[in-house]
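> Quick one: sequence and predicted model below, then my questions.
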Amino acid sequence: MEPRVLLIVLTMVSTLRAQGNQCNECCKLPEDPICHDPRLEVFYEFQDQWPTGFVMTPCGRKFACYPASIDPLNTNDGCNGKYAMAELIDCREIPYPNLCMNNPYGGVINYSTCPPTTKGLRHHFISVITIVYVKEGNIILCLDVGRARDCKQVLYQGSLGGTKVVALNLCNDCVERIYYFDANVATPTSYLRSMAVDPKRNVAYIADGAKSTIIVLDLCTGKSYIAFQGDKTLLPIPNFLPTIIGQPLYNVGNSTCGPCGNIVVGALAFGVSMVTLSPDGKLLYYSQISGRLLYSLCTQALLDKLPSSEVAKTVRYHGKKGVSFTILCDQRGRVWSGFAENDGITVYNPNCPFARNFMYIRDPRLNIPFSFTEGEDGNIYFIDDSLSGVAVSYPGTGLPFVDRRKKPYVVFRFKSPCESLCPSFCDPATLGLQVCSCGC
């Protein structure tokens with residue numbers, strides 16, 4: 001090539017490169033503005049077992065629960081000292097109400113049968129998945145699934161007496177009462193997942209995610225019954241596959257006894273799994289894990305023991321809330337939910353004239369918000385425990401049963417807003433803007 005031609009070519013390349021750099025600097029393409037939200041505060045960090053439930057009393061006592069039905073590392077074998085319920089004291093988790101109740105002789109799984117089964121331990125914890133603080137009476141109600149899994153990742157069936165609700169009296173740190181379920185209410189394959197308590201009527205509403213039913217428990221008589229079943233709003237959406245942090249969330253497990261078992265990979269198949277009450281106790285909001293929709297029904301229909309076909313007539317649809325494992329109706333009647341696929345928290349406000357469902361917080365630290373609870377201090381607390389990384393979750397590639405969680409597991413909190421939280425045409429546009437606490 002002639003020197004003059006070569007010089008012209010090099011000049012053109014240099015000019016184009018300079019123009020490209022200038023365009024990249026001045027014409028920045030739109031991007032997701034997500035960043036750390038300063039409204040979120042890290043309140044507590046778990047360094048030991050994997051938690052799913054958290055409550056704090058008005059005097060500041062903190063409690064958490066650790067289900068063996070999801071994480072085999074929470075399963076007590078009689079020797080490992082694993083606990084299902086703990087009080088959080090000075091950055092430590094202490095078995096509550098005592099070590100004995102959390103440490104049954106021989107562990108929680110019966111290996112004398114094939115397949116093994118979960119023992120029907122009536123006076124010991126097995127797998128506490130949800131805890132609810134009841135100010136009236138100063139008690140904590142602990143929902144024990146009564147099912148556990150071991151390192152083979154088999155979720156073993158329950159036995160009569162193992163599935164229960166335990167009332168713990170915080171005044172004397174003792175068991176006040178234990179509620180058991182009849183065999184036709186909580187079956188060996190039931191998976192009682194969430195509980196909402198109405199202290200005025202002395203009832204608890206419990207969601208069975210495996211059977212897609214809503215159970216009513218009378219806290220006075222101890223009697224329970226299936227109050228709502230068979231409706232499509234209770235059932236899991238077929239082939240439901242959420243995407244968390246850019247990866248699909250499959251369910252994986254072993255289905256048989258034996259040295260290797262039979263690995264099964266499939267979509268999440270949990271029906272109604274989260275419930276919460278309106279402040280007046282007249283509405284029960286509910287949703288499935290395998291779904292993104294929010295519903296409500298009239299609690300009076302459940303208490304009157306109406307047929308499910310009649311209860312279904314009171315069901316109302318409230319739009320999409322996002323993928324979540326828990327919901328909370330606060331004292332202002334707003335329903336908070338995680339939005340795992342968008343690293344956020346949504347709120348449903350029934351008092352808004354339009355746009356009743358909207359995103360309130362987005363933060364890259366959020367995985368799957370779990371166990372919302374409203375404190376007496378004006379804060380809303382929730383756990384983020386790296387749920388999508390548990391060994392029973394599968395991202396679609398790589399080896400199954402790999403624990404991808406990262407510690408610490410965290411309790412976040414944020415101030416419950418006093419404002420109406422209703423969008424307005426007079427408000428400034430927020431599209432593309434961000435509330436950020438770092439230099440992103």
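Yep, that arrived. The shown structure was predicted, so the numbers you read here are calculated from the model rather than taken from an experiment.
> Low-confidence bits of the stretch 301-440 of the chain, can you list those?
For the stretch 301-440 of the chain, applying pLDDT under 70 flags the ranges 427-440.
> Just the helices from it, written as ranges.
In chain order, the stretch 301-440 of the chain shows helices spanning 308-311, with DSSP state H, counting those that start in this stretch as the criterion.
> domains in the chain, as residue ranges please.
46-180, 189-417 (automatic domain parsing).
> So for D37, which of those domains sits nearest?
When the domains of the chain are ranked by distance to D37, counting by CB to CB, first place goes to domain 189-417 at 4.5 Å. For every residue, glycine as well, the C-beta is placed using N, CA and C.
> quick one: stretch 167-179 to chain centroid distance?
25 Å (CA atoms, centre = their mean, to the nearest Å).
> Ok, stretch 165-178 next?
Averaging C-alpha positions (CA atoms, centre = their mean) puts stretch 165-178 24 Å from its chain's average.
> before we move on, the earlier item: turn the domains of the chain into TSV, including distance to P423.
Output for the domains of the chain, formatted as TSV (distance: least, CB to CB, whole Å):
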stretch	distance to P423
domain 46-180	30
domain 189-417	4
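> Mean neighbour count added to those domains, as TSV?
Formatted as TSV, the entries for the domains of the chain read as follows, by neighbours: other CB atoms under 10 Å:
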stretch	mean neighbour count
domain 46-180	19
domain 189-417	19
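> out of the ones you listed, nearest to H36?
Closest to H36 of the domains of the chain, according to CB to CB: domain 189-417, at 5.9 Å.
> thinking again about what came up before, for P33, which of the domains of the chain is the nearest?
Taking CB to CB as the criterion, P33 comes closest to domain 189-417 out of the domains of the chain, the separation being 8.6 Å.
> Off-centre distance for the closest one?
Between the centre of domain 189-417 and the centre of its host chain there is 6 Å, according to CA atoms, centre = their mean.
> Quick check: which of the domains of the chain is nearest to S424?
domain 189-417 (9.2 Å).
> The closest one spans what distance, first to last residue?
This stretch, domain 189-417, spans 40 Å end to end (CA to CA, to the nearest Å).
> for the domains of the chain, which one sits closest to I34?
The closest approach between I34 and any of the domains of the chain, judged by CB to CB, belongs to domain 189-417 at 5.1 Å.
> Any idea which of the domains of the chain gets closest to C426?
Closest among those, once you apply CB to CB, is domain 189-417, at 12.9 Å.
> how about the domains of the chain, which one is nearest P38?
Distance to P38, taken as CB to CB, is lowest for domain 189-417 among the domains of the chain, at 9.6 Å.
> which one of the domains of the chain lies closest to C35?
For the domains of the chain, the distance to C35 is smallest for domain 189-417, at 7.2 Å, taking CB to CB.
> sorry, back to before: which of the domains of the chain sits closest to K28?
Closest to K28 of the domains of the chain, according to CB to CB: domain 189-417, at 19.7 Å.
> now the strands for the stretch 301-440 of the chain?
In order along the chain, the stretch 301-440 of the chain carries the following strands (DSSP state E, counting those that start in this stretch): 316-320, 327-329, 335-339, 344-348, 357-362, 369-374, 379-384, 393-394, 409-415.
> Can you add distance to T233 and give these back as JSON lines?
Shown next, in JSON lines, are the strands of the stretch 301-440 of the chain (distance: least, CB to CB, whole Å):
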{"stretch": "strand 316-320", "distance to T233": "8"}
{"stretch": "strand 327-329", "distance to T233": "14"}
{"stretch": "strand 335-339", "distance to T233": "15"}
{"stretch": "strand 344-348", "distance to T233": "16"}
{"stretch": "strand 357-362", "distance to T233": "17"}
{"stretch": "strand 369-374", "distance to T233": "21"}
{"stretch": "strand 379-384", "distance to T233": "24"}
{"stretch": "strand 393-394", "distance to T233": "25"}
{"stretch": "strand 409-415", "distance to T233": "29"}
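> Quick one: closest of those to P307.
P307 sits nearest to strand 316-320 of all the strands of the stretch 301-440 of the chain, at 18.5 Å, using CB to CB.
> Adjacent strands (with direction) for the closest one?
Paired neighbours of strand 316-320 in the sheet (DSSP bridges): strand 293-298 (antiparallel).
> quick one, the partner strand and strand 344-348 angle?
Strand 293-298 and strand 344-348 are oriented at 40 degrees to each other (axes from the mean of the first three to the mean of the last three CA atoms, to 10 degrees).
> Relative to C114, which of the strands of the stretch 301-440 of the chain is closest?
In this view, the strands of the stretch 301-440 of the chain are compared for proximity to C114 by CB to CB, and strand 393-394 is the closest at 25.8 Å.
> Report all helices and strands that the closest one contacts.
Packing partners of strand 393-394 (3 or more CB pairs under 8 Å, 6 or more residues apart in numbering; DSSP states H and E): strand 250-254.
> go again using 10 Å as the cut-off
strand 247-248, strand 250-254, strand 263-266 (3 or more CB pairs under 10 Å, 6 or more residues apart in numbering; DSSP states H and E).
> can you list these in a markdown table and add distance to L29 and mean pLDDT?
Converted to a markdown table, the helices and strands packed on strand 393-394 look like this (distance: least, CB to CB, whole Å; pLDDT from 0 to 100):
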| stretch | distance to L29 | mean pLDDT |
| --- | --- | --- |
| strand 247-248 | 24 | 92 |
| strand 250-254 | 33 | 85 |
| strand 263-266 | 37 | 86 |
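> could you dump the ones you listed to TSV with distance to K28?
Supplementary listing: these in TSV, determined by distance: least, CB to CB, whole Å:
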stretch	distance to K28
strand 247-248	28
strand 250-254	37
strand 263-266	41
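> so which of the ones you listed gets nearest A84?
Ranking those by proximity to A84 (CB to CB) places strand 250-254 first, at 20.5 Å.
> hmm, who's touching that closest one?
For strand 250-254, contacts defined as CB atoms under 10 Å, 6 or more residues apart in numbering pick out 115, 149-150, 152-155, 240-242, 260-270, 290, 390-396, 400-402.
> quick one: strands adjacent to that strand?
Taking DSSP bridges as the criterion, strand 250-254 sits next to strand 263-266 (antiparallel), strand 393-394 (antiparallel) in its sheet.
> Output the very next helix or strand once past the first one as CSV, restricted to C-alpha atoms.
Per DSSP states H and E, strand 263-266 leads on to strand 272-277 as the next helix or strand towards the C-terminus. Taking Å, rounded to 0.1, in the frame of the first residue of the first chain, the C-alpha atoms of strand 272-277 are listed here in CSV:
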residue,chain,number,x,y,z
VAL,A,272,-52.0,-21.4,48.3
SER,A,273,-49.0,-20.9,50.6
MET,A,274,-49.3,-17.4,52.1
VAL,A,275,-52.1,-15.8,54.0
THR,A,276,-52.6,-12.5,55.9
LEU,A,277,-55.5,-10.7,57.5
